[in-house]
Each structure stands twice: as structure tokens, then as C-alpha cells.
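Colleague: sequence? don't have it. structure:
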Ligand SMILES: Cc1cc2nc3c(=O)[nH]c(=O)nc-3n(C[C@H](O)[C@H](O)[C@H](O)COP(=O)(O)OP(=O)(O)OC[C@H]3O[C@@H](n4cnc5c(N)ncnc54)[C@H](O)[C@@H]3O)c2cc1C
């Protein structure tokens, strides 16, 4: 049975009858023999792709095959930041497309994803950084993206508790994107899952893809722990496991997997009203609606599929936090976890066909793929439906590493071990 439509009316109705009428948000589908499209990976990107395939391109015989449960991957592990403050031509329009989709997402999928455009402030600490941020801000504004340069006084008015006096890295100002902010990450997964399910998409959890079957150079289905599923087209959206899954079709990707960790403190009264990033180290912070400080830093310096945190990175991130805002030293850490990043060598993603016919790839999101989720889903759905790249994602080709046409956005790549 399809889930209820959420509205003030349905909330009032359920309140009056003791909340006994809510349906599950999506069906627990059993795999069918074949689908038009099988999407491997039930993270944000896979689910968004399924939704846009059904909604915008009318392809509804779609299965999303997830080895664990919806929300267990990076979609439920990230620090929830969205922004479109990019510099390079391939990236700015794409991330701005995502931002515009975020702005209408909740009405589109009928789900409260707690989209909060509270602003993202990138701090700078020296003249060279100021120049780089001026350049970035100009590029953004030329592309119709909002950007404001703040001086040190303006930053001090906004975040007075940062370490301005006697700081090792004095704050000279910041680049602010007011339309940036945060979105509740697991609500994005649940919202897309529910919206896709309502359009007839099968969401199949606890079903690991163990092989990709090909015939005459064409992908025809996937082997899974719940049996073989035939597919007109196979679409990979496996984030940190992209290399491993693509290898099942004989592909070697220009990707390394690294762990990225995140941290949440005990709940505090509201005192940070934006997302702030430290420009002299790798540390960024925001405050959740429950009051917890949500922060993170660097990826681990070595390759891993471990999906868990470790002490050296805790120390490193906390050092960054102490340098930027010493008061964090009195806050108790509540939780800490890790997720798997598929790092491309230029820090930019891949949305493309592969050398295997009918096999499509969505990968290489590094540590910035959450903010891309709606645009990634839309562009991937377009590629799968039309067999040609979406105009907004033409730069994200798999062969750009062979051609030298890399999109080397600083702060994203090209050497994952240095970030
Ligand atoms: C700590 C941390 C902080 C981050 N912070 C931010 C941030 O603030 N802003 C931002 O933009 N990005 C951030 N990111 C990055 C972002 O979360 C990822 O780039 C993005 O979520 C990846 O896309 P996804 O949601 O589809 O991935 P996932 O949710 O990981 O989805 C991939 C799915 O594929 C499944 N899968 C893998 N192999 C198989 C298989 N063989 N068969 C079936 N299923 C399989 C996995 O189980 C997983 O559910 C962060 C990531 C982490 C870990």
C-alpha cells in the first residue's frame, strides 16, 4: 500500500485517531526477475536517481538494490553541509543546480528534510587566502551564485567566540554564501526512498550485489545475495565501494577509498548560527537543531574500507577545533563515526557511461557528495534515460583523466592524502 501523503490535514487526522493510520514510508520489496533499470547502492545518489528516473523520465520499472539498509552509508554519516561555492566551470553550475533543487526539495518529495539555509562561512587567515577567496567569490557571482566577502570585524560580529586575539592563525575575514547551510541527511534518504516508492520503484534492502553479468560487452543484470536480477541498464551509485563494484565488470577506476570521520558533541544552547570552516587547518563546524556541535576535518591518510573512526584523527580534528575556538575544549564529545570516501584524483565526480554497454557510473564524490545529491540524481537519471550527459554534468566524464581534462578544484583534490 502506498504511504500517506504528508500534510497538516493528515497530521491532524492522525492526531485525532492516536497515530494508528500511518503507513510504512516505503514497501519492503522482493526482487522481481528483471527491471528496466537496476541501481546498485541505496544511498542518497542511488535513491535520488531512482526518483528522477520515475518522476521526470517516466521510467518506473526500477529497482534500487542496497546491501545494507537505507541510510547506512555516507548519506547517513555526513556532516550535512550544502553549498555551491565552487570556482571552476565544470563545478559551479552543477552545484548551483543542486542548490536550486534543495530549495524546492521538500515540496517536491513531500518530506520535511529540514533544509536550513543558515549560511556557510569560509574563514581566511592571510593575504594569499583572501585573494583566493575573492577570486572564488567573483567566479560564483559571475555564475549567478550568491557570495559575500566579510572582513574581520564582520566575522567577529557573527561569531564573537572565535579566537581573534592572540591566535596562532589570526582571522582576517571570510567568504560567506548565505544560501548554503545544512539539511538533515537521513531525512534526505528517507524522503527520496518514500517518493520513489510512491512512483512504483522497488527498494530492495539487505541485498548485496556480488557480480555484474555481461553478454557480448553489454551489462544484462546483477548477481545478488538474493538471486539474479536481470536489467535493461545497470547503474552504479556505490560511493565508497565504487572501485570494488566496478571491478565486478572488469573496470579499474581512477579512485581511492579513504575514511572520513565526523563528530557530535553533547547538546548546547544555540550559539553558532552558520557553518564555519577554519582556513588554516582542516576543521569545520555547525550546530544541529538538537544543539550538538557537528564537526569534522581530514580524511585518513591511508586507503581503507573500515567505515569506522580512530584516535589519531580525533586528536587532529580537536587540535583544529581548539585553534579556531578554544571554548570547544570544555565540551564533551558524544559520538564519532567514519564513512567511506571514493576520492578521485582531481577531487571532482564522475557521472558517465562506461566502456561496458548499458553500464553507467556515478562515483568519485570525495568528501563533498551530500550537497550534490539532488543534481547528481537528476543528471544520472538523464544519462541513463537518454544515453547522453545532462547539460549540467558534461564535464564529469570518466575519460578526463586519460585526456588530461581534469577539474582540479583546490580543496577537493588532486592528492587525497594531502586533504
Ligand atoms: C564523515 C563524513 C562527512 C561528510 N560531510 C559532508 C558534507 O558536510 N557535505 C557534503 O556535501 N558531503 C559530505 N560527505 C560526503 C557525502 O556523504 C558522500 O559523498 C555521499 O553521501 C556519497 O553518496 P551516497 O549518499 O550515494 O553514498 P552512500 O550513502 O554511501 O551510498 C552508497 C550505497 O551503496 C551501497 N553498496 C555498496 N556496495 C554495494 C553492493 N555491492 N551491493 C549493494 N549495495 C552496495 C552501500 O551500502 C551504500 O548504502 C561526508 C562524508 C562523511 C563520511
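Modeller: That came through fine. The structure displayed is predicted, hence computed values, not measured ones. Residues are numbered from 1 along each chain as shown.

Colleague: Spell out whether the biggest helix by length in the chain and the ligand are in contact.
Modeller: Among the segments of the chain that qualify as a helix by DSSP state H, the longest is helix 92-109. No: for helix 92-109 and the ligand, the contact criterion (C-beta under 6 Å from any ligand atom) is not met; the two come no nearer than 9.0 Å. Using the backbone N, CA and C atoms, a C-beta is placed for each residue, glycine as well.

Colleague: Make 11 the first number, not 1, from now on.
Modeller: Sure, I'll start numbering at 11, so the last one becomes helix 102-119.

Colleague: just checking, next helix/strand downstream of that helix?
Modeller: strand 130-134 (DSSP states H and E).

Colleague: which parts of the longest helix of the chain are buried?
Modeller: Buried residues in helix 102-119, counted by 16 or more other C-beta atoms under 10 Å: 102-109, 111-112, 115-116, 119.

Colleague: Then stretch 218-226?
Modeller: Using 16+ other C-beta under 10 Å as the test for burial, stretch 218-226 gives 218-219, 222-224.

Colleague: before we move on, back to that, any chance of the buried residues of helix 102-119 in CSV with pLDDT as columns?
Modeller: Shown next, in CSV, are the buried residues of helix 102-119 (pLDDT from 0 to 100):
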residue, pLDDT
102, 94
103, 95
104, 97
105, 97
106, 97
107, 98
108, 98
109, 98
111, 98
112, 98
115, 98
116, 98
119, 98
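
Colleague: Would you map the helices across the stretch 61-210 of the chain?
Modeller: Listed in chain order, the helices of the stretch 61-210 of the chain (DSSP state H, counting those that start in this stretch) span 102-119, 137-152, 162-168, 195-208.

Colleague: Tell me what angle the first one forms with helix 195-208.
Modeller: So that's helix 102-119. 70 degrees (axes from the mean of the first three to the mean of the last three C-alpha atoms, to 10 degrees).

Colleague: contacting residues around helix 102-119?
Modeller: 61, 92-96, 122-123, 125, 127, 149-150, 153-155, 189-190, 193, 198, 201-202, 204-205, 381-386, 388-389, 402-403, 405-406 (C-beta atoms under 8 Å, 6 or more residues apart in numbering).

Colleague: Name the SS class of residue 391, please.
Modeller: Assigned by DSSP: H, G, I helix; E, B strand; the rest coil, the conformation of residue 391 is helix.

Colleague: got the helices of the stretch 61-210 of the chain as a markdown table, with distance to residue 279 columns?
Modeller: Below are those laid out as a markdown table (distance: least, C-beta to C-beta, whole Å):
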| stretch | distance to residue 279 |
| --- | --- |
| helix 102-119 | 27 |
| helix 137-152 | 31 |
| helix 162-168 | 17 |
| helix 195-208 | 23 |
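
Colleague: so which of the ones you listed comes closest to residue 50?
Modeller: helix 195-208 (15.0 Å; C-beta to C-beta).

Colleague: what's the neighbour count on residue 396?
Modeller: Residues near residue 396, counting by other C-beta atoms under 10 Å, number 10.

Colleague: That one: what's its closest spatial neighbour, skipping adjacent residues?
Modeller: Leaving out its chain neighbours, the residue that sits closest to residue 396 by C-beta to C-beta, 6 or more residues apart in numbering is residue 67, at 7.7 Å.

Colleague: For whatever helix or strand residue 233 lives in, name the packing helices and strands.
Modeller: Secondary structure assignment for residue 233, by DSSP H and E: strand 228-234. In this structure, strand 228-234 packs against strand 44-50, strand 219-225, strand 237-246, with contacts taken as 3 or more C-beta pairs under 8 Å, 6 or more residues apart in numbering; DSSP states H and E.

Colleague: near the ligand, anything from stretch 60-76?
Modeller: Yes: remark: stretch 60-76 sits within contact range of the ligand at 75-76, by C-beta under 6 Å from any ligand atom.

Colleague: Give me the mean pLDDT for that stretch.
Modeller: Stretch 60-76 shows a mean pLDDT of 98.

Colleague: Likewise for stretch 238-256?
Modeller: On average, the pLDDT along stretch 238-256 is 97.
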